[in-house]
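>>> okay, sequence plus prediction incoming.
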Amino acid sequence: MCPLTLIEQLKLNNDSVNKFILDFLPKRDKVNEIQNFYDMMRDYPSRPGKGLRSSLCILTCETFGGEREKAIRTAAALEVFQNWILIHDDIEDSSEMRRGEPVLHRKYGMPMAINIGDALHAKMWDVLMNNQKILGQSKTFELVNEFLRMINETTEGQHIELSWVKDKRWTQTEEDYYRMVNKKTSWYTCISPIRLGAIIADVEKSNLDALIPFGSILGTAFQIQDDILNLRGDEKKYGKEQCGDIMEGKRTLMLIHLLNKSNPKDNGKILKIMNKSRSKRTPSEVNEILKFMDKYGTIDYAKTKAKKYALEAKKQFNKIFLTKPSIQSKTLEELIDFMVQREW
């Protein structure tokens with residue numbers, strides 16, 4: 001039997017995790033309002049996604065010699081985390097689209113969406129604590145502690161980004177961007193999924209700590225690529241609003257580079273557009289920002305940086321995982337490449 005391709009493995013993992021989540025979440029209630037609540041709770045988890053974080057957890061566990069089935073619940077908790085935090089993130093960023101459909105607060109209103117996010121947050125802990133049945137109490141609490149750190153790091157990073165927008169601050173350096181990305185993206189996209197898989201596989205603490213710099217670099221490459229896709233990706237594949245980062249006023253690497261490299265006249269025009277609220281920023285003004293990015297080569301600059309971080313992540317991967325050659329480690333290596341080279 002031929003080994004699965006990466007896409008087949010991602011689908012297998014995603015299907016297993018999604019089935020677990022949808023089986024775990026409540027389905028039916030005789031009270032109409034509670035039935036609607038359950039339906040809304042299942043909305044984001046039912047939308048198609050790549051499941052990169054859950055696969056990273058499962059494949060890391062298998063690469064370190066752990067059992068796939070023991071990682072499914074934790075991988076599912078990661079995806080539930082992703083769902084509830086995205087509901088809140090979409091509200092905070094005034095986003096329009098998520099996974100090819102209107103965001104939850106556009107469908108049901110902001111109060112309902114906030115409540116659904118809160119409910120899924122509780123379900124995340126519920127899924128995670130159910131690990132006691134198969135992993136025991138001690139290891140379950142190790143996983144809980146990792147989730148706590150992941151949430152603390154992620155929300156700190158989110159606060160940094162939201163503060164930049166609120167304060168209309170445009171003086172960020174690249175180091176400011178990397179610091180924010182490490183907290184907001186790297187921890188919940190790479191560092192914790194990898195460490196969670198390793199914890200399940202009984203990896204020693206000293207080796208767990210070595211996974212942090214690797215996940216940090218990988219997460220940075222992932223986020224830069226995500227920022228590029230937001231501007232140049234296929235919206236149908238990408239699943240989010242094209243150029244939504246410009247509409248939302250996000251301080252991406254491209255925008256920071258553009259403001260640091262543009263001449264005073266162009267800089268003034270850029271800031272005039274970007275200091276507007278989202279509701280007052282027009283599509284033609286977004287196109288004007290894109291033209292400035294082309295003029296100053298900011299997207300090509302970001303691509304160069306993404307490649308640099310991707311190569312460094314690969315070096316770190318080889319140091320950690322080359323001593324464990326297997327089908328799983330090969331698939332994990334392919335997933336690492338996919339995360340920083342993907343087109344969707």
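Perfect, thanks for sending it.

>>> nearest residue to residue 256 other than its sequence neighbours?
Across the structure, with CB to CB, 6 or more residues apart in numbering as the measure, the residue nearest residue 256 apart from its sequence neighbours is residue 172 (5.1 Å). Just so you know, the C-beta spots here come from the backbone N, C-alpha and C atoms, and that holds for glycine as well.

>>> in which helix or strand would I find the one you found?
Using DSSP states H and E, residue 172 maps to neither a helix nor a strand.

>>> got the contact list for it?
With contact taken as CB atoms under 8 Å, 6 or more residues apart in numbering, residue 172 is in contact with 164, 251, 256.

>>> so can I have TSV of those residues showing neighbour count?
TSV is the format used below for the contacts of residue 172 (neighbours: other CB atoms under 10 Å):
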residue	neighbour count
164	19
251	21
256	20
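
>>> residue 163 and residue 184, how far apart?
Residue 163 is 12 Å from residue 184, where distance means CB to CB, to the nearest Å.

>>> quick one, phi psi at the nearest residue to residue 267 once chain neighbours are set aside?
Nearest residue to residue 267 in three dimensions, chain neighbours excluded: residue 259, at 6.3 Å (CB to CB, 6+ apart). Per-residue torsions, residue 259: phi -70, psi -30 (degrees, to the nearest 10).

>>> hang on, the earlier thing: of residue 163 and residue 184, which one has the most company?
In this comparison of residue 163 against residue 184, neighbours counted by other CB atoms under 10 Å, the higher total goes to residue 184 at 23 against 11.

>>> the spatially closest residue to that one that is not a sequence neighbour: neighbour count?
Beyond its immediate neighbours in the sequence, the residue positioned closest to residue 184 (CB to CB, 6+ apart) is residue 157, lying 2.8 Å away. Neighbour count of residue 157, defined by other CB under 10 Å: 20.

>>> pull out the buried positions in the host helix or strand of residue 157.
Under the assignment given by DSSP H and E, the secondary-structure element containing residue 157 is helix 137-166. Taking 16 or more other CB atoms under 10 Å as the neighbour-count basis, helix 137-166 is seen to contain the buried residues 139-140, 142-143, 146-147, 150-151, 153-155, 157-158, 160-161, 164-165.

>>> thanks a lot, catch you later.
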